[in-house]
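Asker: next comes the sequence, and after it the predicted model I'd like to discuss.
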Amino acid sequence: MKTAKFLLCENPIADKSDGRIFILHNRNPLILAEVFHFDIENEELQMNCKRQFTIGSSLEFGNQYIVFGALWTIPDARFLAKEAQKQANELAGIMRRMADWYESYLIWEDQQDIDSFLG
């Protein structure tokens, strides 16, 4: 049985976590990305964050601009055997799907809040 492709990761009891959120791409290549939320109008902060990562993606969601920055990747031999451009294309595709998955998660989370409110 396959595991989930993306997993939301956080450590709510860690003193230094400060509410940080991560997403694990749980297939090859393994990727751990941190999620950063910004006000959609604060382009300077968004760009400063994006510049810190060579592998990343972004998403506009409501009044938020969300950046996904890969902290590390662990590729297997099959991935490493690909030429550099194919590796880059695959990583970019994974990060786009990660952003799409996170958007679906946020929509689902909002719906859970509505459902619990309506009871």
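Answerer: In hand now; what should we look at? Numbering: from 1, shown residues only.
Asker: give the other helices and strands that the lengthiest helix in the chain contacts.
Answerer: Counting residues, the longest helix found in the chain (DSSP state H) is helix 84-118. Judged by 3 or more C-beta pairs under 8 Å, 6 or more residues apart in numbering; DSSP states H and E, the packing partners of helix 84-118 are strand 6-9, strand 21-25, strand 30-39, strand 56-61, strand 64-74, helix 77-80. No exception for glycine: its C-beta is placed from N, CA and C like everyone else's.
Asker: can you list the buried residues in it?
Answerer: Across helix 84-118, burial judged by 16 or more other C-beta atoms under 10 Å covers Q87, L91, I94, M95, M98, A99, W101, Y102.
Asker: skipping its backbone neighbours, what lies nearest R96 in space?
Answerer: S57 (5.6 Å; C-beta to C-beta, 6 or more residues apart in numbering).
Asker: residues in contact with the one you found?
Answerer: With contact taken as C-beta atoms under 8 Å, 6 or more residues apart in numbering, S57 is in contact with V67, F68, A92, M95, R96, M98, A99.
Asker: now L106
Answerer: L106 touches F61, counting by C-beta under 8 Å, 6+ apart.
Asker: among the helices and strands of the chain, which has the poorest mean pLDDT?
Answerer: Every helix and strand of the chain was ranked by mean pLDDT, DSSP states H and E. The lowest is helix 84-118, at a mean of 92.
Asker: how far off centre is that helix?
Answerer: Its chain's C-alpha centre and that of helix 84-118 lie 7 Å apart, by C-alpha atoms, centre = their mean, to the nearest Å.
Asker: what of stretch 82-92?
Answerer: 18 Å.
Asker: contacts for that stretch, please.
Answerer: Taking C-beta under 8 Å, 6+ apart as the rule, stretch 82-92 contacts P29, I31, I55, S57, A70, T73, P75, F79, L80.
Asker: from those, list the buried ones, please.
Answerer: By 16+ other C-beta under 10 Å, these give P29, I31, I55, S57, A70, T73, P75, F79 as buried.
Asker: the last one reaches R27, doesn't it?
Answerer: In other words, F79. No. The pair F79 / R27 is not scored as a contact, 10.3 Å apart, by C-beta atoms under 8 Å.
Asker: okay, and the beta partners of the residue nearest to the spatial centre of the chain?
Answerer: For the chain, the residue nearest the mean C-alpha position is F68 (4.3 Å; C-alpha atoms, centre = their mean). When bridges are called by DSSP bridges, F68 pairs up with V35, S57.
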